[in-house]
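Peer 1: For reference, the sequence and a predicted model appear below.
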Number of protein chains: 4
Amino acid sequence: MPKVGMEPIRRAALVKATIAEIGEAGTLDVTVSQIAKRAGMSSGLAHHYFGGKDQIFLAAMRHTLALYAAEVRGALSMACTPQDRIGAIVRASFSHSHFQRDVIAAWLNFYVLAQSSQQARHLLGIYQRRLRSNLIFALRPLVGLRAVDVAEQLAGMIDGLYLRQSLGQSLVDPERAIRHVMRAVALELAQGPSR
Amino acid sequence: MPKVGMEPIRRAALVKATIAEIGEAGTLDVTVSQIAKRAGMSSGLAHHYFGGKDQIFLAAMRHTLALYAAEVRGALSMACTPQDRIGAIVRASFSHSHFQRDVIAAWLNFYVLAQSSQQARHLLGIYQRRLRSNLIFALRPLVGLRAVDVAEQLAGMIDGLYLRQSLGQSLVDPERAIRHVMRAVALELAQGPSR
Amino acid sequence: MPKVGMEPIRRAALVKATIAEIGEAGTLDVTVSQIAKRAGMSSGLAHHYFGGKDQIFLAAMRHTLALYAAEVRGALSMACTPQDRIGAIVRASFSHSHFQRDVIAAWLNFYVLAQSSQQARHLLGIYQRRLRSNLIFALRPLVGLRAVDVAEQLAGMIDGLYLRQSLGQSLVDPERAIRHVMRAVALELAQGPSR
Amino acid sequence: MPKVGMEPIRRAALVKATIAEIGEAGTLDVTVSQIAKRAGMSSGLAHHYFGGKDQIFLAAMRHTLALYAAEVRGALSMACTPQDRIGAIVRASFSHSHFQRDVIAAWLNFYVLAQSSQQARHLLGIYQRRLRSNLIFALRPLVGLRAVDVAEQLAGMIDGLYLRQSLGQSLVDPERAIRHVMRAVALELAQGPSR
DNA sequence: AATGAATGAGGATTCATTCAT
DNA sequence: GATGAATGAATCCTCATTCAT
């Protein structure tokens, strides 16, 4: 069964399996064996490629964050006006691929991991700062000095609405979440720029 | 060494130790022995009183939620106007006792626990519904039909700003969080009631 | 089955089992489970008392060294003349309890352990220095300045004859080993003191 | 990349790497991968050539023993008198190539291996018997019937002094060891032949 | 000939839980 | 009521060995 050039394929399979497994269990308490099995390989191989459970988790986190970042970047690239930019960010945050029960649960667990893992904290910090700066950049022309405050407000609302889905008994509804955020944006914009 | 009437004291000590331990570790991966030791007793006794680790966690969660609920209730009881009520809820959500690194981390972990524990999910559901209904009740007179939407918006913002603190490298700043939420409230109220 | 005050008993049983197991296997490649089983307890308990495999090995080594030291001390306490002292040391080195296939094999393995374990090296260093200084002390009155050289010679012979038994197909013969060493001693003493 | 006629080169590289690795680690707990890597090849190839880890160890041992034997043989071939023969054996035992920290550690580990491996024991037995018979042969003309006893004495001293170097914190000093053994020889010879 | 991908058994270690005292 | 001794299942990780390429 040994093949050559399998490394990227194996790694991708493991990352995907990790997210799925965490999402399904709702916990980081998944075993390497479970992950490996879902990815169609032995636990030994998982260790071979990643060196340990921690590294597997971090890789999964990196992947998740990268997917999100790519989604935001793609949406932003098509935005012409500041208003569009804000909409792009919000919509990407609740996009189909990002806004699924499993992924949300994994994301939540990454927040927890960040409490005890230096590296996880670092990764999540990058996400948070990027979201913040993307928002500020888009808001500056519209609300001037209030941009920082509004960005924090919106970032909080995005994260919070996202988080609250992890428990939602009802089906997740991205449109509803998007509408909530955009409503707050509209009200702020209506105030015009500060200074 | 056996004493009578110790049960409530022991239980309280264990609950407190559990929150502290989870908060410090940033994880639910704390051992019963650690918790018991911090509470000044043997692990066996912890089991004796709670029956198992899960029950200890649930008790800690119940306690945390009850504290928060009491804080909200207390604040609400002094509020006269709808506006006051909203302010009371927001302020309670970021109150001193509730808005500390340790407690926030524990809270975050309870969200995670809720993914895999029916009972934890139930408890957290109560919290979410209560927050939502408290907000709706206060908002109804002010924004009419929009109350539900605004309540969800605000609940999301509260949870999100709260959550974002768990990673914040900077010191937690309740006033700033409160200001963000109240600003959104003000803008909504300025629209007047719908219908 | 839990009892109180078992710790010293358990520890002693584990130490004894460790030496027996190493002796029988001829290797440090024995599992904690094997040791624990031979000592009549679970592997978990072995860890509980010693904290890890390394610590178990070190304890076994310490015990072995202590036994030897006690044997030497006892023999020395009854020696009146320098000659007696030398005889006591040599005889203790090949005493019944010390000169058995199992114990010799364990001892040999401790030498190996000392190559990679700082602590084991430390322990063995103590043994070597003590043997050396005991010999020098006894030899000084008899051979004067040559004491150091003769001590090293004898120490080497003792260790070497001891070591060679670990492979001996023939039955180990302490008397023969003792005779070899004492013969070398006699020849040196016949030279009289230097300077 | 496959080449022909590589076998002897590969085998030699592996043997050398094995001794170096064991010497460095101070343990037989080295992996085949480590050895293969040091020898500049894959672990698979190491298995291909030797069939298994045990065989690699045995080959390394055989090589080490052969080197020593060659050294002794070479030295003996230039010895004319029985005294010279003894000196040759002793000097070879502490020759530069043989008396290095790494090699000594490997040698010690081979002693351990001999406890659990029939074949290793066999190899070491050959070494021991050869040393013994070489000594007896050289001693017979000088000490007559005492040859056997003296040979055992000297063999013990050689092995013991060699062994003690493996722990020596001080630099290894072959001259000193040689002097110790030769001193014992001189004293015995001074007694003249028995019977 | 050579690689390194892949497996899977084995072992140290941890920990919730039980229970004799 | 209280302890902590004791168990054993569970998990991470390592590594010899095999084998497709």
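Peer 2: Looks like it came in fine.

Peer 1: How many neighbouring residues does residue A:136 have?
Peer 2: Per other C-beta atoms under 10 Å in any protein chain shown, the neighbour tally for residue A:136 reads 18. Backbone N, C-alpha and C define where each C-beta goes, glycine included.

Peer 1: before we move on, which element is it in?
Peer 2: helix A:118-143 (DSSP states H and E).

Peer 1: Poorly predicted segments of chain A, please.
Peer 2: Filtered on pLDDT under 70, chain A yields the residue ranges A:1-4, A:169-171, A:195.

Peer 1: where do the helices sit along it?
Peer 2: A:7-25, A:32-38, A:43-50, A:53-77, A:82-93, A:101-116, A:118-143, A:147-165, A:174-190 (DSSP state H).

Peer 1: Just confirm residue A:93 contacts residue A:163, I think it does.
Peer 2: No. Look at residue A:93 against residue A:163 with C-beta atoms under 8 Å: they stay out of range, at 11.7 Å.

Peer 1: Count the residues that sit near residue A:190.
Peer 2: Neighbour number of residue A:190 under other C-beta under 10 Å is 11.

Peer 1: and the gap between it and residue B:190?
Peer 2: Counting by C-beta to C-beta, to the nearest Å, the gap from residue A:190 to residue B:190 is 9 Å.

Peer 1: do residue A:132 as well
Peer 2: Note on residue A:132: its distance to residue B:190, by C-beta to C-beta, is 26 Å.

Peer 1: Residue A:150 too?
Peer 2: Using C-beta to C-beta, we find residue A:150 at a distance of 16 Å from residue B:190.

Peer 1: State the number of residues packed around residue A:175.
Peer 2: 9.

Peer 1: just checking, residue A:91 touches residue A:74?
Peer 2: No. Residue A:91 is beyond contact range of residue A:74, at 10.7 Å (criterion: C-beta under 8 Å).

Peer 1: Run through the residues that contact residue A:33.
Peer 2: By C-beta atoms under 8 Å, 6 or more residues apart in numbering or on different chains, the contact set of residue A:33 is residue A:43.

Peer 1: Please report how far it lies from DNA strand E.
Peer 2: 9 Å (C-beta to the nearest atom of the strand, to the nearest Å).

Peer 1: That residue and DNA strand F, how far apart?
Peer 2: 5 Å.

Peer 1: Tell me who's in contact with residue A:126.
Peer 2: Applying C-beta under 8 Å, 6+ apart to residue A:126 gives the contacts residue A:65.

Peer 1: And residue A:96, by the same measure?
Peer 2: Taking C-beta under 8 Å, 6+ apart, we find residue A:96 in contact with residue A:174.

Peer 1: rewinding a little: when residue A:93 and residue A:163 are compared, which one has more neighbours?
Peer 2: Comparing residue A:93 with residue A:163 by neighbour count (other C-beta under 10 Å), the higher total belongs to residue A:93, at 25 against 20.

Peer 1: Skip the chain neighbours and tell me the closest residue to that one.
Peer 2: Once flanking residues are discounted, residue A:93 sits nearest to residue A:158: 5.0 Å by C-beta to C-beta, 6 or more residues apart in numbering or on different chains.

Peer 1: close enough to count as contact, that neighbour and residue A:90?
Peer 2: Yes. With contacts counted by C-beta under 8 Å, residue A:158 reaches residue A:90, the gap being 6.7 Å.

Peer 1: Is stretch A:177-195 in proximity to chain B?
Peer 2: Yes. Stretch A:177-195 is in contact with chain B by C-beta under 8 Å from any C-beta of the partner chain, via A:177, A:179, A:180, A:181, A:183, A:184, A:187, A:188, A:190, A:191.

Peer 1: Was I right to think the first one contacts residue A:162?
Peer 2: It stands for residue A:177. Yes. Look at residue A:177 against residue A:162 with C-beta under 8 Å: they come within range, at 7.4 Å.

Peer 1: any common contacting residues for those two?
Peer 2: Taking C-beta under 8 Å, 6+ apart as the criterion, residue A:177 and residue A:162 both touch A:94, A:99.

Peer 1: any idea how far chain B is from residue A:72?
Peer 2: To chain B, residue A:72 is 17 Å away according to C-beta to the nearest C-beta, to the nearest Å.

Peer 1: what separates that residue from chain D, distance-wise?
Peer 2: According to C-beta to the nearest C-beta, residue A:72 stands 43 Å off from chain D.

Peer 1: my guess is that residue meets residue A:89, correct?
Peer 2: Yes. Counting by C-beta under 8 Å, residue A:89 is a contact partner of residue A:72 at 5.9 Å.

Peer 1: shared neighbours, the two?
Peer 2: residue A:134.

Peer 1: More neighbours: these two, which one.
Peer 2: Neighbour tally, residue A:72 and residue A:89, criterion other C-beta under 10 Å: the higher count belongs to residue A:89, 24 against 21.

Peer 1: Help me confirm that that one comes into contact with residue A:137.
Peer 2: No. Between residue A:89 and residue A:137 there is no contact under C-beta under 8 Å: 9.8 Å.

Peer 1: so who does the residue in chain A that DNA strand E sits nearest to touch?
Peer 2: Closest contact between chain A and DNA strand E, by C-beta to the nearest atom of the strand, is at residue A:44 (1.9 Å). Residues counted as contacts of residue A:44 (C-beta under 8 Å, 6+ apart): none.
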